[in-house]
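Q: sequence-free structure coming up:
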């Protein structure tokens, strides 16, 4: 029983970790997009 609970805990931590990584990826992508848009507008 206890093993099952720890596995559930680990799974939850894994999900939270992937969500955190995804949010960081999204943030860096939007940051890069904003920067590229800004650089493009600077060229014109």
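A: Looks like it arrived, so ask away. Only a predicted model underlies this, so the values are computations on that prediction, with no experimental measurement involved. Numbering: from 1, shown residues only.

Q: got any ranges where the chain has weak pLDDT?
A: The chain contains residues with pLDDT under 70 at 1-2, 41-44.

Q: can you give me the helices for it?
A: Counting by DSSP state H, residue ranges of the helices within the chain are 2-43.

Q: any idea how far residue 6 is from the residue nearest to the spatial centre of it?
A: Residue closest to the mean C-alpha point of the chain, counted by C-alpha atoms, centre = their mean, is residue 22 at 2.0 Å. Look at residue 22 and residue 6: by C-beta to C-beta, to the nearest Å, they are 24 Å apart. Glycine gets a C-beta too; all of them are placed from N, C-alpha and C.

Q: and if you look at residue 29?
A: Going from residue 29 to residue 6 by C-beta to C-beta gives 34 Å.

Q: burial measure for residue 29, as a count.
A: Residues lying near residue 29 (other C-beta atoms under 10 Å) number 10.

Q: from residue 8, how far off is it?
A: Applying C-beta to C-beta, the value for residue 29 to residue 8 is 31 Å.

Q: over to residue 37?
A: Counting by C-beta to C-beta, the gap from residue 37 to residue 8 is 43 Å.

Q: also residue 14?
A: For residue 14, the distance to residue 8 equals 11 Å [C-beta to C-beta].

Q: now residue 40
A: As judged by C-beta to C-beta, residue 40 and residue 8 stand 48 Å apart.

Q: burial measure for residue 12, as a count.
A: Residue 12 has 10 nearby residues by other C-beta under 10 Å.

Q: ok, now which ones touch it?
A: Residues near residue 12 by C-beta atoms under 8 Å, 6 or more residues apart in numbering: none.

Q: quick check: it vs residue 33, distance?
A: Using C-beta to C-beta, residue 12 is found at 31 Å from residue 33.
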